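1. from the sequence below, what's the structure:
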Amino acid sequence: MKASALEFRFRMLIILLIVLLGFLAPWGRYLHLGRLTTTWLWLGFQLGGLGLTSTAGIQIATGLTIAVAALAAALRVWGTAYLGTSTVNNAEMKAGQVMADGPYRYVRNPLYLGTWLMIAAISTLMSPSGAAVTLVLLAIFLFRLILGEEAFLARQLGESYLAYKKSVPRLLPSLRARVARGGRSPRWSFALLSEISALGIFVSFAALSWQYNAQLLDQAVLVSFGISLVTRALLQNNSGTQQAIG
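-> Prediction:
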């Protein structure tokens, strides 16, 4: 069930295709579902049916979406600060030493967890059926990536990784650190630049969602993603230049 090396190489493209599928939701035409509303408003009306007004329900759904986007951005930036942008953006699996700093002391896969949460926030702009399909397909794909990486790290790092794997939960973060610090220092500036997409999505929802304009948020998310592509390309070029000089 683990992902292949090809899937890992093109993981970002596959995730983008899953998100695109969710926005298009082509099955809606055949099932006569249409796009009656966004998941955002649907959740709000569902909450409104629990004894709240529709306005209060939508406000709660908005607040929850912002909280999810904030958690996603925090996990992505925190994890990238310790793992390094060259590893995060690399097309190949890499293994140097067991990562036992930052969020990796609490959960083994903070970046994948952050990715799922980030897409969960974005999925509120999709139709309910599109959001459901997106989150299920994404969960399956990310789990396959995790299994592939775990097998690779176990082969490369041996007992040290197996001991770490036994101590730290895979996806549900522990409330306390499960391993001692490894001694690696975070690189916050590079992490912030590398995770502009996650940060941009959080800022977009925090600043614009209170206008209740899904089209405006769609545009803000696209802008965040576009800027992140440019920034990542620049970071990769800078990393390659430094390695060549070194």
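
2. quick one: the strands in the protein?
-> Taking DSSP state E, the chain contains no strands at all.

3. low-confidence stretches in it?
-> Judged by pLDDT under 70, the chain has its weakly predicted residues at 32-36, 95, 236-246.

4. where do the helices of it begin and end?
-> 5-9, 11-24, 27-30, 39-48, 54-83, 85-88, 110-122, 128-157, 159-167, 188-194, 196-208, 214-245 (DSSP state H).

5. among those, which is nearest Val98?
-> Of all the helices of the chain, it is helix 159-167 that lies closest to Val98, at 4.8 Å by CB to CB. For glycine as for every other residue, the C-beta is placed from the backbone atoms N, C-alpha and C.

6. which other residues reach that closest one?
-> Residues outside helix 159-167 that contact it (CB atoms under 8 Å, 6 or more residues apart in numbering) are Gln97, Val98, Ala100, Arg108, Glu150, Leu153, Ala154, Arg178, Val179.

7. same thing with stretch 208-224?
-> With CB under 8 Å, 6+ apart, stretch 208-224 has contacts from 38, 40-41, 58, 62, 65-66, 122, 125, 196-197, 199-201, 203-205.

8. same check, this time on stretch 172-183
-> 97-101, 103, 105-107, 110, 113, 164, 167-169.

9. the same query, at a cut-off of 7 Å, please.
-> The contact list for stretch 172-183, computed with CB atoms under 7 Å, 6 or more residues apart in numbering, reads Met99, Ala100, Asp101, Arg105, Tyr106, Val107, Tyr164, Ser167, Val168.

10. residues contacting the first one?
-> Listed by CB under 7 Å, 6+ apart, the contact partners of Met99 are Tyr82, Leu83, Gly182.

11. what do you get for the fourth one?
-> By CB under 7 Å, 6+ apart, the residues touching Arg105 are Ala177, Arg178, Val179.

12. count of residues packed around the first one?
-> Think Ala177. Residues contacting Ala177 under the criterion other CB atoms under 10 Å number 15.

13. now it. Its backbone dihedrals?
-> phi -60, psi 140 (degrees, to the nearest 10).

14. returning to what we had before: tell me which two of the contacts of stretch 172-183 sit farthest apart.
-> Asp101 and Ser167 (14.1 Å).

15. more neighbours: which of those two?
-> Between Asp101 and Ser167, counting by other CB under 10 Å, Asp101 is the more crowded of the two (19 against 14).

16. quick test: name the residue nearest the centre of the protein.
-> The centroid of the chain falls nearest to Thr115 when counting by CA atoms, centre = their mean (0.9 Å).

17. not counting its neighbours along the chain, what's nearest it?
-> Take Thr115 and drop its neighbours on the chain: the residue closest to it by CB to CB, 6 or more residues apart in numbering is Leu142, 6.6 Å away.

18. roughly how far apart are Glu150 and Arg170?
-> For Glu150, the distance to Arg170 (CB to CB, to the nearest Å) stands at 8 Å.

19. whoops, Arg181 was the one
-> 20 Å.

20. with Leu162 instead?
-> 13 Å.

21. phi and psi next, for Met93.
-> Backbone torsions for Met93, taken as degrees, to the nearest 10, come to phi -70, psi 140.

22. Asn90 now?
-> Dihedral pair for Asn90: phi -70, psi 140, per degrees, to the nearest 10.

23. could you pull up the residues touching it?
-> Counting by CB under 7 Å, 6+ apart, Asn90 has no contacts.

24. from Asn109, how far off is it?
-> Between Asn90 and Asn109 the computed distance is 16 Å (CB to CB).
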